[in-house]
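Asks: what shape does this take:
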Amino acid sequence: MFNFHRFLSVLLVLLGCLQGLAYKVGTGIYDITGPAVEINFMGYAVPGQRGTGIHLRLKARAFAFADDNKRFMFVSLDGGMGSDLINKRVLERLNEKLGKDVYTYDTLSISGTHTHSGPAGFLQYVLYQITSLGYVKETFDAWVDGISEAIIMAHRNMRPGKVLLSQGDLYGSNINRSPTSYLLNPQEERDQYPEGDTDKNMFLLNLVSQQTGESVGVVNWFAVHGTSMNNTNTLTSGDNRGYASYMFERHVNGPDVQPGKGAFVAAFASTNLGDVSPNTNGAKCIDTGLDCDGTSSTCNGKCENCIAFGPGTNGDMFESTQIIGDKQYQFALNLLGLTDEKVMERTRKHEKTLELRAAAAAASSHEPAKRHLNKNNNKQVEANKGTSEEVFGKIDSRHSFVRMSKLNVTLADGTTKSLCSPAMGYSFAAGTTDGPGMFNFAQGTTSGNPFWDKVRDFLSVPTQEEIDCQAPKPILINTGDITKPYEWDPEIVPVQIIRLGNVFILSVPGELTTMAGRRLRKAVKSILEKGKIVAPGQKVHVTIAGLANNYASYITTFEEYQAQRYEAASTIFGPHTLDGYIQEFSRLARDMVAGTPSEPGTPPPDMESELIQLMPEAHCDRVAHGSKFGDVVSGKDVQASYAAGAIAKATFHGANPRHNQRPRGTFLTVERINADGTTKVVAYDGDWETKFHWQAGKEDPLDLGFTRTSEATLEWAIPSDVVPGSYKMCYFGDHLLSHTSKAIPFTGCSSVFQVTA
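Replies: Prediction:
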């Protein structure tokens, strides 16, 4: 008997598959490292954490998707977060290069990986410019240029292809840094998530060329902070995500391709990572070795002594970055049915080391051995198998600018509340266990202090209405009412939903905690499913792109807000902030289901003409008498020979790297000398095995950019599988004689040295 309804369902699915084949996909990548020295790093807000060189270069990775009717562009950048002013300037650039409105606010999402080891000064709000001494045009321009170039590349690379979705649960790579707050969420809600207090899901899209059948790029979302590199680091780095991207691209493009120059692009993007740390060994009191106080994250009342460490040996941040990055990279490979035997062996050795450490700790304390990994780590091998399906269906998007301050929000019980004017609480100053604050502030503070209230009042005295609105948060900085020299915090934020068939990406301008992200995904998914927006038989998949298009700090649940740990104190619009976001994203979802346009809203102000830059420009250079730029400093040349596993090092008379950021070049090369005298580059400044250090001259004791002389030190950690032979390290720089002249390029090389296996 002919079943018309079943026939129609099958036909719709087949038509959807055909539509999936009609996708065009493209990828692009470009450097956004920016000024590698002297500029304060964005993330930890530590004034003294200013760049001194490069470990990993920073990249913008762009992914273009189009069907016969619409297109969108997703960009993951190795940076702290998105910026509304960056988006505006990038769209202006794209209008010039590609044509008017090829991409718009609706169809462009720019999400930061949240590395804390990149230059600051790209956000236009005062709160995020304090430690960088204001706006930094060098950073801003590098980002606009690099993001635009990556997008243009991806757009022009678009070819017919398909998109495959793979996902699985990765254990042992993250922990919740505010577990006591998470426990305030209802038990029945927590019971719905047996994976625990962090999301373990890696959600991966694989872009496949129709012509070759090969992958041209992957983008995935996984919840973990970019804080494997701690607040003592001063080398530019993409942190664990940047390392994972580097490794995946190197695996596909080959080791001979300069990082960022290959055709294949891999992005490890951020999602709801607000309370999620990569420092899986947890927080300890550095003075006693004991556990920190769980509620306040203090040790004898001091937040400075409560620090979380990664899985590296003795908390080594470089090793921790590699371990957490390797786990993400290896897991993403496995989701695609690929392996990297070298990395797998490194991971196995690390697992064995952890077991030995745990056994030794247990023997000394007479307690049962336990592994220093996340709950349910034994599930990792099983989860690596993942699942896979082809994505198909139409492309669509919705975007609105929303004035969150004073937004009326209807709660689940039908009552209406207004969101608050932005404000930061006391626990904001306490920092987190990934990077503690100072001045004896503590997480979990729910009452003010007369002294700090007086300090606060110098900037702005909050009204009683504002105090009541933010309760139980005691207001430390009343950012919403401060307008001098310009706005301190955003009041207007972008919200966006992008549809790729049955995949829906929520671009959120902040850091959602684990449960906050779960609630947002659940609410939007429910609307989409009830609206029957996808073809019969298809599943609706919802993921979150975090720190996207701007930055409005954190977003906790109402319950977590009551504890006033760091994440709650940084939830700037008050206790119902999450409800406000759920309301606005739900509105976009309903508009998408109905096929109606969303209210665009009023864009945020463009304050670039008002922005203040106090960091001086890079000054002119000079070199010691009798030396030339690029000469090796006397007594600091390489050794005659090194064995594999050793570190080769040479120091040169240098010049300020800010004169030329070399976005398509390098500050260093490691070169193998062939038998015929020719050379082959085996490493660049963007490779994991190299480090580029720059040190200002001694006549600049405050290191504020007034130096004239400087030194550049190149390091090469010689790989275990190195080809034995003759090598040299070369330094590339540009020196400036005067501010009215152009920077002059120079090159210098070390002596030749031998490398043995």
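
Asks: ranges for the strands of the stretch 551-700 of the chain?
Replies: 554-555, 641-643, 647-653, 668-673, 679-684, 690-696 (DSSP state E, counting those that start in this stretch).

Asks: the inter-axis angle of the third one versus strand 668-673?
Replies: Yep, that's strand 647-653 we're talking about. Angle of strand 647-653 versus strand 668-673, following axes from the mean of the first three to the mean of the last three CA atoms, to 10 degrees, is 120 degrees.

Asks: what's in contact with strand 647-653?
Replies: Taking contacts as CB atoms under 8 Å, 6 or more residues apart in numbering, the residues outside strand 647-653 that touch it are 623-624, 627-633, 636-639, 642, 670, 709-718, 727, 729, 731, 733, 748, 750, 753, 755. All C-beta atoms are positioned from the backbone trio N, CA, C, and that covers glycine.

Asks: show the buried residues in the residues you listed.
Replies: 623, 629-633, 637-638, 642, 670, 709-718, 727, 729, 731, 733, 748, 750, 753, 755 (16 or more other CB atoms under 10 Å).

Asks: where does the stretch 551-700 of the chain dip in pLDDT?
Replies: Scanning the stretch 551-700 of the chain for pLDDT under 70 picks out 698-700.

Asks: residue boundaries of the helices in it?
Replies: 558-561, 566-569, 577-594 (DSSP state H, counting those that start in this stretch).

Asks: among the ones you listed, which is nearest His693?
Replies: Taking CB to CB, helix 566-569 is the member of those nearest to His693, at 31.8 Å.

Asks: show me what counts as buried in the closest one.
Replies: Tyr566, Glu567, Ala568, Ala569.

Asks: just the CA trace of it, in PDB.
Replies: Only the C-alpha atoms of helix 566-569 are listed here, as PDB (Å, rounded to 0.1, in the frame of the first residue of the first chain):
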ATOM      1  CA  TYR A 566      34.500  35.700  40.000                       C
ATOM      2  CA  GLU A 567      32.200  34.800  37.100                       C
ATOM      3  CA  ALA A 568      29.100  36.100  39.000                       C
ATOM      4  CA  ALA A 569      30.800  39.300  40.000                       C
END
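
Asks: sorry, back to before: give me whichever of the strands of the stretch 551-700 of the chain is most buried.
Replies: Stretch with highest mean neighbour count among the strands of the stretch 551-700 of the chain: strand 554-555 (a mean of 26; mean count of other CB atoms under 10 Å).

Asks: so how far is stretch 349-359 off the chain centroid?
Replies: Centroid separation for stretch 349-359 versus its chain: 29 Å, with CA atoms, centre = their mean, to the nearest Å.

Asks: from now on call the first residue 354
Replies: Right, with 354 as the first residue, what we last looked at is stretch 702-712.

Asks: quick one: contacts for Ile820?
Replies: Ile828.

Asks: which one, of the helices of the stretch 904-1053 of the chain, ends up nearest to Pro664?
Replies: helix 919-922 (22.4 Å).

Asks: buried set for stretch 405-423?
Replies: 405-420.

Asks: of these, closest to Gly668?
Replies: His408 (17.3 Å).

Asks: quick one, what contacts the closest one?
Replies: Ser470, Leu588, Thr589, Ser590, Phe671, Trp1041, Thr1043, Lys1044, Phe1045.
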